[in-house]
Every structure is written in structure tokens, then in C-alpha cells.
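Asker: next one to model:
(chains A and B, ligands or ions: 3)
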Amino acid sequence: MMESIAKSLNITGMVCPMTWMQIRMALAKLSDGDVLEIVLDDGEPVKSLARSAKEDGHAIVSLRREGRSWRALIRKGLVQ
Amino acid sequence: METRTDAAEDPLVSMDVTALKTGGIIKQRQKDLFTVRLKCPGGRLPLDRLERILAVARRHGRDYVHLSVRQSIEIPYVNAADLPAVRAELGEAGQGIASCGPRVRVPTACAGCEYNPNGLGDTQKLAALVAERYFGTGRFPHKFKITFGGCPTDCPHSAQADLGFLAAVEPRWDEKACTGCGVCAVACGEGAIEDRDGFPHFIPDRCLYCGDCIRACPASAWSAGRTGWIARVGGKHGRHPIMAANVATFLWDDEVPEFIGAVTGWYERQGARYRRTRIGTILQDDAMWTDFLAALRARFPERVLPGNLPKPQPLSVHKPYQKEYVDEYASGGGI
Ligand code: SF4
Ligand code: SF4
Ligand code: SF4
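Answerer: Ligands and ions are numbered 1, 2, ... in the order given. Model (predicted):
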């Protein structure tokens, strides 16, 4: 499935809670249903991504390893 | 010339000492001054009670309060003569005073699942229940501390409580939902999930039941299986610390009170011939450990772990832990 990406964000090198705050701020600029692409580090950032996204009502479209980091697509939630 | 206080002028002549009887009031090194330790189960304090504590501390104490390591507020420098008033003024706002001695103490707990992202169980609800139902009870040979942790990270040190509870969740994997992304193997800090041929392989013996894999999985392929409380018994800190031993898993919320009753009941019964001895020290005795597990298994056959469980584990901090301590306690020597 091809997704059209509304915005891309690289948060490698950042630590919690900046990682989620960067995502949260990027999502704020998008409309419901838009897809945000994120490149993030292995370990804690990828571990907490799905939880934070689900808690705030966004959907993980895909999440896969790319070399030493990860690439995620998140669809901004229609809830709220 | 020497001055003498006329006995009739000493305010302590006619003081009502009932304020001192239940404990929580600690004599200071300074003459006639006491520290009042408050009952703050789980470290949670509604703002109206906090306001009252502030007012009482301003009136009867000095310019600070102290936070004890067990989550209580302590008001130091209270005059002996003021103790009845302090108790009454706090009591009007529903604020109790802690206990001392060989009883169930105020329970401690982390914030648990209400707003802590890792929390798996309602630690605060159970801490409040213990404070209401068990606080100050017991005819034990020594104190008894109960602690609730919201997940196996165990921030509140339940492994060093006489009876500790940790919320836990057993993960279950749904092959059909799994996309093989590999995040769960990264998320599991225990090596209980290995990536094999692009899919997670679960190694149950390594699992601590933390639920990290469930939260991290973007496809909800991991979900909650059995949930509940892990119970561990016999921990303590102090001069001769002991790490508690896990004895039961996946106790439901409403089984916790009965479990506490079973453990404290055993401690009352078997502790009667010991002096000033914590349950973890008594359980160093092989016969006592066997008897304890049998008593628990009789009441919680489904929950108590099977097999020959390891005893609570003494730690050598000052001196090697000696079996003689146990025997000495048992013979009434004490330390
Ligand atoms: S024990 Fe778990 S739930 Fe409790 S404060 Fe620590 S991480 Fe949070
Ligand atoms: S519950 Fe925790 S320890 Fe068990 S497999 Fe999941 S992440 Fe690992
Ligand atoms: S995180 Fe979920 S989807 Fe990804 S490999 Fe683990 S179980 Fe499968």
C-alpha cells in the first residue's frame, strides 16, 4: 500500500520526552488522516513509539528497521 | 542559686497520654520534643489534608516538615504538651498519625497504573485498602511492612518489604496479527523475545511479566493473558537486609486481602515463640519455610508457585548473615 507522506521528521539522537514531543508538534501541523514519516533510533525511542501513538489515538501504518535506525509511518488520529 | 520548677506548673503533669499510645510519635533527642509521623498510605495526599498539615506544622512545629523514606510527612519539634491538640487538629481533617511497634505499618506504593505509563495495577487502591483494613493490626513479634509496585520495575522496593505485591501481565502472541517488524525483541529487556526467522520467539522462563512487548507492538499482536499481582514475602532492609522470595503469581485484586490475611495470620501463629523477629528471618529456618508454603498452598492452590521455592535471600552487608541470629531470636535473645 502506498501512502502519501504529508511530512517527514528525523528524531534520531533525541531522548525521551523530546522524541514524542517532536512527533506531537509535527502532528499538530497536520490534518486528521495525514501521514507523518519518522526516522528514529533503536531502543527506547522505537520501544515507546506505538504506546505513545496509541495512547493519543494515532495509528501506526508501518514500522520497520532501516540499518541502525527505524522508519515509521503514523496516521494522525481522527479521535478527539 | 538553683531554680526549681514547681511540679504543679509543669504542663506535663496533667497531659492526656492517649495521644501517645498508638505510636507514630517519636521522641526527639531534644527534651520534651517529639516528631509526629503522619499516615500517608501510598504517598498520596489530598490537598485539603496537605493544607491542614501545613497549618498544624506552622502552629506546633518549626519551619519545615520532613519526608520519610516510607512516604510519610513528619512534623518535627512538637512540644509534648501540644500532642493531644496536634492529633485532634489533624483528625478534624481526616489526617491520621502513623503507627510504631510490632504491627502492620502504613503501606507504601508507587503511583501505579492511573497515570504512570508502565503501571499495570491499581497500587493506590490496594494501599488505601490496606491502610483501612490492616493498618495497626497484628500481634506479631516485630513490625510488618506491605508495599505495592505497579510493575516489575519495582520502584517502591517491594522486594524489601515483609510482604510485597507487584502488578504483572503475561504476554500472549497472536501469529496472525504479527507483521514481523521486530520491535518487541528490541522492547523486551529480558531477552525473553528473540527474533527468529523474522518472527518473535517467546522464552517464558525469562519473562518478568512487565508488558513492555504489549505496549511496544504496533500491530497489537501481543496482548494481555493472565494479569494480577506477584506476591513476595520476607524482605527487609536495615542492619541485616533480606531480599523477598516470590511465592505467588497472578493474584486478583480481590484475592489480595485474603492473601495478606493468610501471611499475617501465619506470622502471628508461628511468630509467637520469637522475640523481635521479622518474618523473613523466621523463614530462614527450613521447617518454617516448608510450613509457611504449605499453609499458603492450602488456601491458594492455584496461585502459589509450585516446587521447591528458594527462601528469602539474606544479603551480607555488615557481616555474613548467620543462622545463629535466627536461633538466638527464637530463644528470646534478640539483638
Ligand atoms: S514500579 Fe512500575 S508502575 Fe510503579 S513507578 Fe516504577 S515503573 Fe512506574
Ligand atoms: S512481558 Fe516483559 S519480560 Fe515478558 S516478554 Fe514481554 S517485554 Fe519481555
Ligand atoms: S512488535 Fe508485534 S508485529 Fe512486531 S514482531 Fe513483535 S509481535 Fe510482531
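Asker: can you list the low-confidence ranges for the chain?
Answerer: Using chain A. Across chain A, the ranges flagged by pLDDT under 70 are A:1-2, A:79-80.
Asker: oops, wrong one, chain B.
Answerer: Where chain B drops to pLDDT under 70, the residues are B:1-8, B:19-21, B:319-335.
Asker: report the contact partners of residue 41.
Answerer: All of this refers to chain A. Neighbouring residues of A:D41 by Cβ atoms under 8 Å, 6 or more residues apart in numbering or on different chains: A:I11, A:T12, A:G13, A:M14, A:S69, A:W70. Quick note: C-beta positions are derived from backbone N, CA and C, even for glycine.
Asker: should've been chain B
Answerer: B:P41 neighbours (Cβ under 8 Å, 6+ apart): B:V106, B:P107, B:T108, B:A109, B:A127, B:A128, B:V130, B:A131, B:F135.
Asker: chain B: which of the contacts of A:D41 is nearest?
Answerer: Checking the contacts of A:D41 against chain B by Cβ to the nearest Cβ gives A:W70 as the nearest, at 7.8 Å.
Asker: element containing the residue nearest to that closest one when sequence neighbours are not counted, please.
Answerer: Counting by Cβ to Cβ, 6 or more residues apart in numbering or on different chains, the nearest residue to A:W70 once its immediate chain neighbours are dropped is A:V46, at 4.7 Å. For A:V46, the host element (DSSP states H and E) is helix A:44-55.
Asker: within the sheet, what are the partner strands of whatever helix or strand comes next after that helix, with directions?
Answerer: Remark: after helix A:44-55, the chain's next helix or strand is strand A:59-66, criterion DSSP H and E. Here strand A:59-66 has these sheet partners by DSSP bridges: strand A:69-75 (antiparallel).
Asker: now the strand it pairs with: how far from the chain's centre is it?
Answerer: 5 Å (Cα atoms, centre = their mean, to the nearest Å).
Asker: could you list the residues in contact with it?
Answerer: A:3, A:5, A:12, A:23, A:27, A:33-42, A:45-46, A:49, A:53, A:58-64, B:183, B:218.
Asker: try 6 Å this time
Answerer: The contact list for strand A:69-75, computed with Cβ atoms under 6 Å, 6 or more residues apart in numbering or on different chains, reads A:3, A:12, A:35-41, A:46, A:53, A:58-64.
Asker: now stretch B:82-95
Answerer: For stretch B:82-95, using Cβ under 6 Å, 6+ apart, the contacting residues are B:D16, B:A19, B:V36, B:R49, B:R52, B:V56, B:H60, B:V78.
Asker: would you mark the buried spots in it?
Answerer: B:D82, B:L83, B:V86, B:R87, B:E89, B:L90, B:Q95 (16 or more other Cβ atoms under 10 Å in any protein chain shown).
Asker: check stretch B:94-108 too.
Answerer: Buried residues in stretch B:94-108 (16+ other Cβ under 10 Å): B:Q95, B:G96, B:I97, B:A98, B:S99, B:P102, B:R103, B:V104, B:R105, B:V106, B:P107, B:T108.
Asker: close to chain A: what parts of the stretch 151-300 of chain B are there?
Answerer: Selection of the stretch 151-300 of chain B residues close to chain A by Cβ under 6 Å from any Cβ of the partner chain yields B:C181, B:G182, B:V183, B:V186, B:A187, B:R215, B:A216, B:P218.
Asker: break chain B into its domains for me.
Answerer: B:10-92, B:108-314 (automatic domain parsing).
Asker: hey, which of those domains is tucked in deepest?
Answerer: For these, average neighbour numbers computed from mean count of other Cβ atoms under 10 Å in any protein chain shown are highest in domain B:108-314, which has a mean of 19.
Asker: follow-up on the earlier one: look up how far B:I193 lies from the residue nearest to A:W70.
Answerer: 14 Å (Cβ to Cβ, to the nearest Å).
Asker: how about the residues of the stretch 151-300 of chain B near ligand 3?
Answerer: By Cβ under 6 Å from any ligand atom, the residues of the stretch 151-300 of chain B that approach ligand 3 are B:C178, B:T179, B:G180, B:C181, B:G182, B:V183, B:C184, B:P200, B:C217, B:A219, B:A221, B:W222.
Asker: turn those into CSV, including distance to B:G23 and secondary structure.
Answerer: Formatted as CSV, those follow (distance: Cβ to Cβ, whole Å; DSSP: H, G, I helix; E, B strand; the rest coil):
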residue, distance to B:G23, secondary structure
B:C178, 55, coil
B:T179, 58, coil
B:G180, 59, coil
B:C181, 55, coil
B:G182, 55, coil
B:V183, 51, helix
B:C184, 49, helix
B:P200, 52, strand
B:C217, 49, coil
B:A219, 54, coil
B:A221, 52, coil
B:W222, 47, strand
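Asker: okay, those residues in JSON lines with distance to B:N308 next?
Answerer: As requested, those are exported to JSON lines (distance: Cβ to Cβ, whole Å):
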{"residue": "B:C178", "distance to B:N308": "37"}
{"residue": "B:T179", "distance to B:N308": "42"}
{"residue": "B:G180", "distance to B:N308": "40"}
{"residue": "B:C181", "distance to B:N308": "40"}
{"residue": "B:G182", "distance to B:N308": "38"}
{"residue": "B:V183", "distance to B:N308": "37"}
{"residue": "B:C184", "distance to B:N308": "33"}
{"residue": "B:P200", "distance to B:N308": "32"}
{"residue": "B:C217", "distance to B:N308": "36"}
{"residue": "B:A219", "distance to B:N308": "40"}
{"residue": "B:A221", "distance to B:N308": "36"}
{"residue": "B:W222", "distance to B:N308": "32"}
